[in-house]
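1. Just need the structure, nothing else, for what follows:
(2 chains)
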2 protein chains.
Amino acid sequence: MTRVLLRFYLSPDRPIGPGKIKILESIRDGGSISEAARGMGMSYRSAWLLVDSMNSQFKQPVVNTTTGGSGGGSASLTEFGASVIRRYRAMERAARRAISKDLAALERDLKRTPRRLPRSAGL
Amino acid sequence: MTRVLLRFYLSPDRPIGPGKIKILESIRDGGSISEAARGMGMSYRSAWLLVDSMNSQFKQPVVNTTTGGSGGGSASLTEFGASVIRRYRAMERAARRAISKDLAALERDLKRTPRRLPRSAGL
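-> The predicted structure follows:
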């Protein structure tokens, strides 16, 4: 099953891609940056930096946060943040439709069961 | 200027994305894996592994290599490898066209001059 990931660099050093969107979705669903971080296997600090980066790159925030104790406070998606998620996921679907024929052709060129070598072999 | 990167996972652990395609283009232009590696700032071993991964994931090779001395031998793109590059770049263009309106809308939501904080601030 082919997954297509879309990543775009809106400003040279501030990419928006699947990681940032996934964090927004986790915050939407769980209401907490620390829970989102755990769910994605990243540190609280890394998740916080991604959220802070998004909050500062757009004209309006994507996430509202309240500072808290050891739990890291709570976080909630703004309406603008929700619209960023919707737009990004729609873009992914549009991109996938646009490349579906070429993708199917590439898949036909793949071996059925790819050869798997140990990382140390053949070097 | 927004760059759009496309990355797809043809098999679960064998992504094809901009790195692999760039290597193929460098080999097409320079005829050598080691030169391609240098141009991309990666080790010869990393570049070799990417080429080997592609050669083994498709039914036919994308690169023909001749073993050599300390220089690492020579490498040339196959006709199939050239077609993979063409197809991938066409897919990028198609994806970009498909998302161009949404991308422009996202760009309008960006701050003109993004706030830049030192990495240590505010944590």
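2. Please tell me how far A:Leu110 sits from A:Ser74.
-> A:Leu110 sits 45 Å away from A:Ser74 when distances are taken as Cβ to Cβ, to the nearest Å. Just so you know, the C-beta spots here come from the backbone N, C-alpha and C atoms, and that holds for glycine as well.
3. do A:Val51 as well
-> Applying Cβ to Cβ to A:Val51 and A:Ser74 gives a distance of 13 Å.
4. Next: A:Arg28.
-> With Cβ to Cβ as the criterion, A:Arg28 and A:Ser74 are 13 Å apart.
5. coming back round to it: A:Val51 and A:Ser74 - which one has more neighbours?
-> Legend: neighbour count by other Cβ atoms under 10 Å in any protein chain shown for A:Val51 and A:Ser74, higher for A:Val51 (23 against 17).
6. Could you pull up the residues touching the residue lying closest to that one once chain neighbours are set aside?
-> In space, and not counting its chain neighbours, A:Val51 is closest to A:Val63: 5.1 Å by Cβ to Cβ, 6 or more residues apart in numbering or on different chains. Listed by Cβ atoms under 8 Å, 6 or more residues apart in numbering or on different chains, the contact partners of A:Val63 are A:Leu24, A:Ile27, A:Ile33, A:Val51, A:Met54, A:Asn55, A:Ala75, A:Ser76, A:Leu77, A:Thr78, A:Gly81.
7. any chance you could read off phi and psi for A:Gly41?
-> Backbone torsions of A:Gly41, given as degrees, to the nearest 10, read phi 70, psi 30.
8. Could you report the neighbour count for it?
-> Around A:Gly41 there are 7 residues (other Cβ under 10 Å).
9. do A:Leu24 as well
-> When neighbours are counted by other Cβ under 10 Å, A:Leu24 registers 24.
10. can I assume it sits in a strand?
-> No: assigned with DSSP: H, G, I helix; E, B strand; the rest coil, A:Leu24 falls outside any strand and is helix.
11. Of all the residues in stretch A:50-68, which ones are buried?
-> The neighbour-count check on stretch A:50-68 (16 or more other Cβ atoms under 10 Å in any protein chain shown) flags A:Leu50, A:Val51, A:Asp52, A:Ser53, A:Met54, A:Asn55, A:Gln57, A:Phe58, A:Pro61, A:Val62, A:Val63, A:Thr65 as buried.
12. Just flag the most distant two among the residues you listed.
-> By the measure Cβ to Cβ, A:Gln57 and A:Thr65 form the most distant pair in these, at 15.9 Å.
13. quick one: low-confidence parts of chain A?
-> Scanning chain A with the threshold set as pLDDT under 70 gives A:1-2, A:10-13, A:68-73, A:113-123.
14. Sheet partners, orientation included, of the strand of greatest length in it?
-> Scanning chain A for the strand with the most residues, using DSSP state E, yields strand A:3-11. Strand pairing for strand A:3-11, using DSSP bridges, gives strand A:14-16 (antiparallel), strand B:3-11 (antiparallel).
15. Taking strand B:3-11 as reference, get the angle to the lengthiest helix in chain A.
-> Longest helix of chain A, by residue count under DSSP state H: helix A:79-108. Orientation of helix A:79-108 against strand B:3-11 (axes from the mean of the first three to the mean of the last three Cα atoms, to 10 degrees) gives an angle of 50 degrees.
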